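1. Got a predicted model here, sequence first, then my questions.
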Amino acid sequence: MSGNQKKINNFFSLSTKQSGQAVTEYILMIAVIVSFYAILARVFKNSDIGPSILKPIQKDYANAYQFGHPEAKGFDSGGPEKHPRFEGGDNFRLFANPRKL
Amino acid sequence: MVTNQEGQTTIEFSLTFVLIMLVVLFFIRLSLFFAYSSYAQYATFMASRAYLSGGAVKSDQETRARFVITQMVKEGRGNKDRWPVIAEAAGGKNDGDLTGILIGPGDQLQQEDGQSNLSWQVGVRYRFKGKFHLGPFGGDKKSDEVTLTSESWLGRETTDEECFQRLDEMSQAGGDVSNARLLIDNGC
């Protein structure tokens, strides 16, 4: 058997050395975890979970913070409604109207 | 068959760690933002109170209010936000070069000047926004933002300049200026 043939046979023969197995499994497992996370992220991104979590803060809390009522609307947001400084409709004044005194 | 199961906890930990950290960091951020919103409300009120007090001229009142609000929500009294990690000023540059701050009449009163129904809209407004990084739960960039507006419409007392101008007008119109001068109390 020539030297080259011996090398080819050694190359294709089953190796008894298994020190790389853990690393290979680790890489495969990481790939599975990352893929799983990426799929999960895509599903969540399309499902409006985030905006629905923040909605009470973006709308109700923001209105309560600015006007003192979660359903209040200002001039910029199609109001005034339930506005504490404007009269008429469902608005109310916190202070007496000097014109009516 | 592999009997060694030591890696199971590591894998489970890595799967849940991201979600747990997301929830924990979200609530920490939310708490910081709420604390800042309370602080901003106080800052707006303080500035509005400074604006309310009388002065020689109107610009004195504005300068005073600007001094107070920048001292509290800006860094070095410039336009840089004091804690940009927690909240950033939002909105256009309303008052000179200060982002998010309006001192004086509100937008609606500026548009419809002279409307007595809107005469209350004089004071200070500060608008700011916070970003909540929701990771995989977040939608587009804008949906992660919360914008709050702090308003304090305490009004503004007349300045000495306005008072004298008014007295001069009364004098020219033949009014009883001597009596009017007796009414002087904190301006006019």
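-> Arrived safely, thanks for sending.

2. Neighbouring strands of the lengthiest strand in chain B in the sheet, and parallel or not?
-> If each strand of chain B is counted by residues according to DSSP state E, the longest one is strand B:122-131. Strands that pair with strand B:122-131, judged by DSSP bridges, come out as strand B:88-89 (antiparallel), strand B:101-105 (antiparallel), strand B:145-152 (antiparallel).

3. Adding mean neighbour count, write the ones you listed out as CSV.
-> For every residue, glycine as well, the C-beta is placed using N, CA and C. Putting the strands paired with strand B:122-131 into CSV (neighbours: other Cβ atoms under 10 Å in any protein chain shown) gives the following:
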stretch, mean neighbour count
strand B:88-89, 19
strand B:101-105, 22
strand B:145-152, 20
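
4. For chain B, which residues are neighbours of chain A?
-> For chain B, the residues found near chain A under the criterion Cβ under 8 Å from any Cβ of the partner chain are B:7, B:11, B:14-15, B:18, B:30, B:37, B:41, B:107-108, B:116-117, B:120-121, B:132, B:134-139, B:143-151, B:153.

5. Which ones among those lie within strands?
-> Cross-referencing the residues of chain B next to chain A with the strands (criterion: DSSP E) gives B:Glu145, B:Val146, B:Thr147, B:Leu148, B:Thr149, B:Ser150, B:Glu151 as the overlap.

6. who's the third one bridged to?
-> In this structure, B:Thr147 has beta-bridge partners B:Lys129, where bridges are defined by DSSP bridges.

7. Sticking with residue 32, tell me its helix or strand.
-> You didn't say which chain, so I picked chain A. Secondary structure here is read from DSSP states H and E; on that basis A:Val32 sits in helix A:21-46.

8. that's the wrong chain, I wanted chain B
-> Going by DSSP H and E, B:Leu32 is in helix B:7-52.

9. Pull the contacting residues for A:Phe36.
-> A:Phe36 makes contact with B:Leu15, according to Cβ atoms under 8 Å, 6 or more residues apart in numbering or on different chains.

10. buried ones in whichever helix or strand comes after the helix holding B:Leu32?
-> Once the chain leaves helix B:7-52, the next helix or strand it forms, by DSSP H and E, is helix B:58-73. Neighbour counts over helix B:58-73 (16 or more other Cβ atoms under 10 Å in any protein chain shown) mark B:Gln61, B:Glu62, B:Arg64, B:Ala65, B:Arg66, B:Val68, B:Ile69, B:Thr70, B:Met72, B:Val73 as buried.

11. So for the first one, what's the pLDDT?
-> On pLDDT, B:Gln61 comes in at 93.

12. Could you check how far it is from A:Phe36?
-> From B:Gln61 across to A:Phe36, the span is 61 Å (Cβ to Cβ, to the nearest Å).

13. what does the third one give?
-> Noted for B:Arg64: a distance of 59 Å to A:Phe36, by Cβ to Cβ.

14. now the fifth one
-> As judged by Cβ to Cβ, B:Arg66 and A:Phe36 stand 53 Å apart.

15. Let me know the secondary structure of B:Gly78.
-> Applying DSSP: H, G, I helix; E, B strand; the rest coil to B:Gly78 yields a three-state assignment of coil.

16. mind listing what the closest residue to B:Leu15 other than its chain neighbours touches?
-> Once flanking residues are discounted, B:Leu15 sits nearest to A:Ile33: 6.7 Å by Cβ to Cβ, 6 or more residues apart in numbering or on different chains. Neighbouring residues of A:Ile33 by Cβ under 8 Å, 6+ apart: B:Ile11, B:Ser14, B:Leu15.

17. wait, what's in contact with the last one?
-> By Cβ under 8 Å, 6+ apart, the contact set of B:Leu15 is A:Ile33, A:Phe36, A:Tyr37.
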